[in-house]
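Trainee: prediction below, plus the sequence it came from.
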Amino acid sequence: MQTTLSERARALPRGNEADTILRKCVHCGFCNATCPTYQLLGDERDGPRGRIYLMKELLEGHDVTRSTQVHLDRCLTCRNCETTCPSGVTYHALLDIARPELERQVGRTPRERALRRGLRFMLADSERFNLLLKAGQTLRAVLPGTLRARIPPRAVAMGQRPDPRRHTRQMLILNGCVQPGLSPNTNAAAMRVLDRFGIGVTAVPEAGCCGAIDYHLDAQQVGRQRMRRNIDAWWPSIEDGAEAIIQTASGCGAFIKEYGEMLKDDPDYAAKARRVSALAKDLVEILKDENLERVAVDERYVGQRRLAFHCPCTLQHAQKLGGAVENVLTRFGFSLAPVRDAHLCCGSAGTYSITQPELSRRLRDDKLAALEEGAPEAIVTANIGCQMHLGGASKRPVSHWLELVDRAINAAPDAYTKESVVNHRGSHKDNDNDNQGEHPCGPRLY
């Protein structure tokens, strides 16, 4: 594609990068065939090819209107188009460059600004989010139906965590912002599972939100500040030899793997950011290379579980790990139902379900229909956003895939001893009683 970027666009910190990305696009249209919003709306401007042209006009200095912003806002940033593109167009990077410039020229309505600031305020701080979540759960019965549907019931408590100090191999794990409140058992399950493979896992309390929420809601500099804060929190452990930084939420993992790129021009953090990105691993990247067969599983539990796995876009398109979780689950003995159109987004996409509720609902309903065709007993996924989005409408239980693995391999009564665990029950009192007499991995999911 030929381009003639404006002087202002060329002066942007990533202006030359935008020009390079635009020139790679040959407008073949293959991307439209796998774009979820184009499939729903059939509008060229709601597909990657059309959006690239809109961004080209913006960066070339043409007049842009609110219409351009509407079509870019409808993009899920699922990166399905990048998987499909034969020319290697890094569409998401172009979007990251264009959106702030579009914001400068078009602005936002007062309602949109309030919504985006409110989402950043509520979601990016885990302690604040937990307080708001508990308040919502307490009042859930008397809230309006649309609001009540967005507040999940109380989560499975995390149970016990193994003491990481008894292992030579050491890794870090990201707690994140919303997952500790919505699904506290997920990271605890990761710690228990990796403990069985001789890996100690530690969460650094000072490391919080990965920065994606701010970065994708018109506050890129705030997002970069969160990146720097996390790097500072992890750095002492990295210098002490931490083998990896694990994420159990694939959205966070995809973002952390780009720290090196997003901070490449920061003289104080560029090298550290590259190191953090290199150490960032989705949990499945650790397990897929382990000898899974050496750990016994509860055959009765595994044999009764026919699962449908929803592979998040951030796992298959951003991290290029499509098929990895399915392979691990199969190696553990689980039976997997086929999933039609498994490459398509469920509509969660960070805060998309709130900023674009109608499109998000349609995508969710289509995804659930595809997941349920194989009559699975349960649905599993690898990202907290997808888990909550699908779980709010599914008649079947929806959980993180690792929680089922945790139950399967830690079913033996001698899996843990009193000396080998850190006792840490979840904060939800309603669940504490459920843990009495239960195995350390918490109450049964089903």
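Mentor: Sure thing, it's come through.
Trainee: which residues in the stretch 151-300 of the chain form strands?
Mentor: 160-162, 169-173, 199-203, 245-247, 280-282 (DSSP state E, counting those that start in this stretch).
Trainee: which residues are contacting the second one?
Mentor: So that's strand 169-173. 164, 187, 190-191, 194, 198-204, 207, 234, 237-238, 240-248, 286 (Cβ atoms under 8 Å, 6 or more residues apart in numbering). Just so you know, the C-beta spots here come from the backbone N, C-alpha and C atoms, and that holds for glycine as well.
Trainee: now do it and strand 199-203, the angle between them.
Mentor: 30 degrees (axes from the mean of the first three to the mean of the last three Cα atoms, to 10 degrees).
Trainee: centre of the chain to the host helix or strand of Cys386, how far?
Mentor: Assigning secondary structure by DSSP states H and E places Cys386 in helix 384-391. Centroid displacement of helix 384-391 relative to its chain, using Cα atoms, centre = their mean, to the nearest Å, is 10 Å.
Trainee: who does the helix or strand just after it pair up with?
Mentor: Per DSSP H and E, the first helix or strand lying C-terminal to helix 384-391 is strand 398-400. Based on DSSP bridges, the pairing partners of strand 398-400 within the sheet are strand 378-381 (parallel).
Trainee: show the average pLDDT along the partner strand.
Mentor: Averaging pLDDT along strand 378-381 gives 97.
Trainee: who's in contact with it?
Mentor: Applying Cβ under 8 Å, 6+ apart, the external contacts of strand 378-381 come out as 305, 307-312, 329, 371-372, 387, 390, 394, 396-401, 403-404, 445-446.
Trainee: domain ranges for this protein?
Mentor: If you go by automatic domain parsing, the domain ranges for the chain are 7-106, 296-409.
Trainee: could you give me the buried positions within stretch 54-65?
Mentor: Buried residues in stretch 54-65, defined by neighbour count with 16 or more other Cβ atoms under 10 Å: 54-56, 58-59, 64.
Trainee: count of residues packed around the nearest residue to Leu279 once chain neighbours are set aside?
Mentor: Spatial nearest neighbour of Leu279, chain neighbours left out: Ile245 (4.8 Å); criterion: Cβ to Cβ, 6 or more residues apart in numbering. Here the number of neighbours of Ile245 (other Cβ atoms under 10 Å) works out to 25.
Trainee: before we move on, the earlier item: just the buried residues of the contacts of strand 378-381.
Mentor: Of the contacts of strand 378-381, these count as buried by 16+ other Cβ under 10 Å: 305, 307-312, 329, 371-372, 387, 390, 394, 396, 398-401, 403-404, 445.
Trainee: give me the mean pLDDT for the strand or helix carrying Arg364.
Mentor: For Arg364, the host element (DSSP H and E) is helix 357-372. For helix 357-372, mean pLDDT is 97.
Trainee: return the distance of that helix from the chain's centre.
Mentor: 18 Å.
Trainee: repeat that for stretch 117-134.
Mentor: For stretch 117-134, the distance to the chain centre is 17 Å (Cα atoms, centre = their mean).
Trainee: tell me the buried residues in it?
Mentor: For stretch 117-134, a neighbour-count test (16+ other Cβ under 10 Å) marks 119-120, 122-126, 129-130, 132-133 as buried.
Trainee: what's the answer for stretch 343-357, then?
Mentor: 343-353, 355-356.
Trainee: of these, which belong to helices?
Mentor: 352-353, 355 (DSSP state H).
Trainee: mind putting the residues you listed into a markdown table with distance to Lys367?
Mentor: Compiled in a markdown table, those are given as follows (distance: Cβ to Cβ, whole Å):
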| residue | distance to Lys367 |
| --- | --- |
| Tyr352 | 13 |
| Ser353 | 12 |
| Thr355 | 18 |
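Trainee: let me see the contact set for the residue positioned nearest the centre of the chain.
Mentor: Centrality entry for the chain: nearest residue to the mean C-alpha point is Gly251, 2.1 Å, by Cα atoms, centre = their mean. For Gly251, the contacting residues are 210, 212, 312, 314, 350, 383-385, by Cβ under 8 Å, 6+ apart.
Trainee: do you know the pLDDT at the closest residue to it other than its chain neighbours?
Mentor: Nearest residue to Gly251 in three dimensions, chain neighbours excluded: Thr314, at 4.6 Å (Cβ to Cβ, 6+ apart). What the model reports as pLDDT for Thr314 is 98.
Trainee: in the helix ranked longest in the chain, what's buried?
Mentor: The single longest helix within the chain, with elements called by DSSP H, is helix 220-239. Of the residues in helix 220-239, 220, 223-224, 226-228, 230-231, 233-234, 237-238 count as buried by neighbour count, 16+ other Cβ under 10 Å.
Trainee: returning to that earlier point: ok, which of the strands of the stretch 151-300 of the chain comes nearest Glu299?
Mentor: Comparing the strands of the stretch 151-300 of the chain by their distance to Glu299 (Cβ to Cβ), the top pick is strand 160-162, with 23.3 Å.
Trainee: show me what the closest one is packed up against.
Mentor: helix 185-195, strand 421-423 (3 or more Cβ pairs under 8 Å, 6 or more residues apart in numbering; DSSP states H and E).
Trainee: direction included, what does it pair against?
Mentor: Strand 160-162 sits in its sheet next to strand 421-423 (antiparallel), going by DSSP bridges.
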